[in-house]
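Participant: need a 3D model of the sequence below.
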Amino acid sequence: MLMPQQAKTRILIVDDSSFMRMAIRSVLSKDPSFDIVGTAADGMEGVEKAIALKPDLITMDIEMPRMDGITALKQIMAKAPTKVIMVSTLTNEGAKSTFEALDAGAIDYIPKNVTDSTDAQNTFRQELMRKIKEAVASRIRRAPSNVSVPTRPATLASSTAARPTASKFAGKKIQYVGIGASTGGPVALQEVLSRIPVNFPYGVIVGIHMPKAFTGPYADRLNAKCSMTIREAVDGDVLKPGLALIAPGGMHTTLVRQGANIVVKTRPTSEYPQYVYIPSVDLLMSSMAEATNGAMLGVILTGMGNDGFKGMQLLKQKGGVTIAQDEATSTIYGMPKACVDGGVADEVLPLGQIGFEISKFM
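Facilitator: The predicted structure follows:
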């Protein structure tokens with residue numbers, strides 16, 4: 001009896017560089033589950049082919065002639081919604097454009113490494129394949145319409161209407177908040193942090209899988225859109241009320257207790273070869289659970305895999321509080337699912353409620 005063949009994932013490659021189009025095609029063609037249905041040399045051609053070919057997934061360069069990648073993305077999401085992965089340069093401007101693309105509906109991004117280094121090229125190939133496979137398993141995102149994110153809102157106490165109702169965690173004592181995320185995380189984290197008031201009395205730290213060149217610009221972007229002060233963490237930082245720190249990319253971040261303070265310690269990846277994802281959410285959460293003796297809230301947002309589960313497990317053992325994003329609102333229900341299935345999530349909430357739930361600890 002012949003088994004039915006699994007449908008291939010149909011991919012459109014949009015890039016003005018013939019070298020990059022060839023390089024991406026070469027990598028993806030090695031996987032028999034992928035079918036490269038076309039290529040385009042600029043955004044305008046990309047939109048036309050997206051509508052005509054109806055691919056399952058598109059890789060989209062950002063800087064292109066005639067029509068840039070972000071404009072093309074917005075047109076595709078309006079006319080023929082498709083899963084799109086942006087191909088981004090590892091620069092400050094590349095990071096800013098990438099986050100704009102994620103806001104416009106892109107699923108994820110792949111850092112483009114244009115060096116001749118064999119290691120860099122191998123890393124790009126591995127990341128490309130991994131991100132494509134994750135995107136295939138993800139939910140298509142539409143950019144939110146008519147939704148305004150509060151910019152530097154008033155304190156929670158100044159607005160009766162904004163005051164959250166009582167939490168199911170009433171009586172639970174926390175002193176810090178740790179958040180982990182991956183694919184879909186940049187947009188999800190913005191939604192969560194934008195709902196936390198400026199006078200939030202606990203320090204927050206975030207671990208999100210992101211390259212070194214992106215975490216600084218990402219923190220700056222969040223800082224401009226949220227009421228809390230948000231910046232990239234540096235070694236020796238102290239977690240403080242009203243401050244959210246983003247763990248820097250390209251290295252691991254741990255937390256240690258020094259007297260009355262919880263202090264950030266950055267570590268090279270070579271010290272923790274067992275952790276595949278960088279920065280590791282498991283390492284961040286585990287060290288934070290130890291440093292705070294469980295007096296913290298752990299939150300796991302959208303992402304592939306199970307990074308964060310072991311950290312949340314240790315946190316639960318120490319009496320901490322845990323929240324996981326629900327399946328319906330997760331771009332990829334991997335990291336939260338691991339926590340839910342493993343029995344370490346006290347509460348499973350849709351994305352739009354998580355920031356408000358965190359605020360209830362005030």
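Participant: phi first, then psi, for residue 132.
Facilitator: phi -60, psi -50 (degrees, to the nearest 10).
Participant: with residue 177 instead?
Facilitator: phi -130, psi 130.
Participant: ranges for the helices of this protein?
Facilitator: Counting by DSSP state H, one finds helices in the chain at the ranges 18-28, 43-53, 69-79, 92-103, 118-137, 185-193, 212-225, 281-292, 309-317, 335-341, 351-359.
Participant: doesn't residue 323 make contact with residue 172?
Facilitator: No - checked against CB atoms under 8 Å, the pair residue 172 and residue 323 is beyond contact range at 11.6 Å. Every C-beta, even on glycine, is put in place using the N, C-alpha and C of the backbone.
Participant: and the two? which has more neighbours close in?
Facilitator: Taking neighbours as other CB atoms under 10 Å, residue 172 and residue 323 compare with residue 323 leading, 25 against 14.
Participant: tell me what the more buried one is bridged to.
Facilitator: Here residue 323 shows beta-bridge partners residue 299, residue 347, assigned using DSSP bridges.
Participant: now do the contacts for it.
Facilitator: 297-300, 345-349, 354, 357-358 (CB atoms under 8 Å, 6 or more residues apart in numbering).
Participant: the worst-scoring helix or strand of the chain on mean pLDDT: which residues count as buried?
Facilitator: Across the helices and strands of the chain, mean confidence by mean pLDDT, DSSP states H and E is lowest for helix 118-137: a mean of 84. Of all the residues in helix 118-137, those buried under the rule 16 or more other CB atoms under 10 Å are 124-125, 127-129, 131-132, 134-135.
Participant: which of these lies closest to residue 334?
Facilitator: Nearest to residue 334 out of the buried residues of helix 118-137 is residue 134 (CB to CB; 8.3 Å).
Participant: tell me how far the closest one lies from residue 299.
Facilitator: To residue 299, residue 134 is 21 Å away according to CB to CB, to the nearest Å.
Participant: still on that earlier bit, Throw the buried residues of helix 118-137 into CSV and include distance to residue 106, thanks.
Facilitator: Shown next, in CSV, are the buried residues of helix 118-137 (distance: CB to CB, whole Å):
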residue, distance to residue 106
124, 18
125, 21
127, 15
128, 15
129, 18
131, 11
132, 13
134, 13
135, 10
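Participant: where does this structure have low pLDDT?
Facilitator: 1-6, 113-116, 141-171 (pLDDT under 70).
Participant: can you list the domain ranges for it.
Facilitator: 9-137, 156-359 (automatic domain parsing).
Participant: now find how far off-centre the shortest one is within its chain.
Facilitator: Centre-to-centre, domain 9-137 and its host chain are 18 Å apart (CA atoms, centre = their mean, to the nearest Å).
Participant: between the two ends of that domain, how far is it?
Facilitator: 11 Å (CA to CA, to the nearest Å).
Participant: hang on, the earlier thing: for residue 249, state which of the buried residues of helix 118-137 is nearest.
Facilitator: residue 127 (13.0 Å).
Participant: quick one: contacts for the closest residue in space to that closest one that isn't next to it in sequence?
Facilitator: Among residues not flanking residue 127 along the chain, residue 110 sits closest, at 5.7 Å (CB to CB, 6 or more residues apart in numbering). For residue 110, the contact set (CB under 8 Å, 6+ apart) comprises 59, 85-88, 124, 127-128, 131.
Participant: same thing but 10 Å
Facilitator: 24, 59-60, 85-88, 98, 124, 127-132, 135 (CB atoms under 10 Å, 6 or more residues apart in numbering).
Participant: if I look at it, how far off is residue 38?
Facilitator: 19 Å.
Participant: count of neighbours near residue 198?
Facilitator: Residue 198, neighbours per other CB under 10 Å, totals 15.
Participant: no wait, residue 60
Facilitator: The tally of other residues near residue 60 (other CB under 10 Å) stands at 29.
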